[in-house]
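Engineer: predicted model and sequence below, questions to follow.
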Amino acid sequence: PPGRRRRREQAPLLGRDSEVATLEQVVAMAARKSRAHLVLLSGEAGVGKSRLAGELGLRAVRDFRAEVLTGQCVPYGDANVFAAVAEALRRACDRDGAISVGVETDLRARVVERVSALLEVPAEAAECGRMVEGLLHLMDGVTRPGVDPTRARDDALRSTIAFFEALTANGPLVLTLSDL
């Protein structure tokens, strides 16, 4: 899609040892204490913020068996203010890359499958259904017919927080949101 970076082979990260060490310490502390930590990487375009975050994600997987989710805002054209979070959620529900672009039923099925597994409840459970509806609202930015948009947004945010929290039951979660 427009505004997305192409994936390519990464050269070794050079000259960023102190930054990487600091970030690794934050991940280690978060994993050790089972506490969330927020890191904000800011700087001019092209200085390597995304590359540094990507390297941290690779090391978090290697050293802590973390789940790493990424999302990126596009520079224009997306009215969903949660686009980066929505992309990360899609990736969390599509671990093998099988969701077809634009196929809503395929997305719904994958979200139901992942939520049901995470919550350890049947797919038909009310708790699973509420979370799925909230996540789909955040991913699509569309409110179901008959639901107040403010309530739908609040449910979507609660569902997203609960989903990310459930992911951390199995290990650390590194969520990288780029170009906010």
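Structural biologist: Arrived safely, thanks for sending. Predicted, not measured: the structure shown is a model, and the values here were computed from it. Residues are numbered from 1 along each chain as shown.
Engineer: which helices and strands sit right next to the helix or strand containing Ala92?
Structural biologist: Assessed by DSSP states H and E, Ala92 sits inside helix 83-93. Helix 83-93 is packed against strand 67-72, helix 104-119, helix 126-140, helix 149-167, strand 173-178, with contacts defined by 3 or more Cβ pairs under 8 Å, 6 or more residues apart in numbering; DSSP states H and E. All C-beta spots, glycine's among them, are computed from the backbone N, C-alpha and C.
Engineer: closest one to Leu52 among these?
Structural biologist: strand 173-178 (10.0 Å; Cβ to Cβ).
Engineer: summarise which helices and strands that closest one is packed against.
Structural biologist: helix 49-64, strand 67-72, helix 83-93, helix 149-167.
Engineer: where does pLDDT dip in this protein?
Structural biologist: Scanning the chain with the threshold set as pLDDT under 70 gives 1-10, 77-80, 95-105.
Engineer: report the central residue of it.
Structural biologist: With distances taken as Cα atoms, centre = their mean, Ala88 lies nearest the centre of the chain, 2.8 Å away.
Engineer: can I get the CA coordinates of stretch 159-166 in PDB?
Structural biologist: In PDB, the C-alpha atoms belonging to stretch 159-166 read as follows (Å, rounded to 0.1, in the frame of the first residue of the first chain):
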ATOM      1  CA  SER A 159     -11.300  -4.800  23.500                       C
ATOM      2  CA  THR A 160      -7.900  -3.800  22.200                       C
ATOM      3  CA  ILE A 161      -6.400  -3.300  25.700                       C
ATOM      4  CA  ALA A 162      -7.800  -6.700  26.800                       C
ATOM      5  CA  PHE A 163      -6.500  -8.400  23.700                       C
ATOM      6  CA  PHE A 164      -3.000  -7.000  24.200                       C
ATOM      7  CA  GLU A 165      -3.100  -7.900  27.900                       C
ATOM      8  CA  ALA A 166      -4.200 -11.500  27.000                       C
END
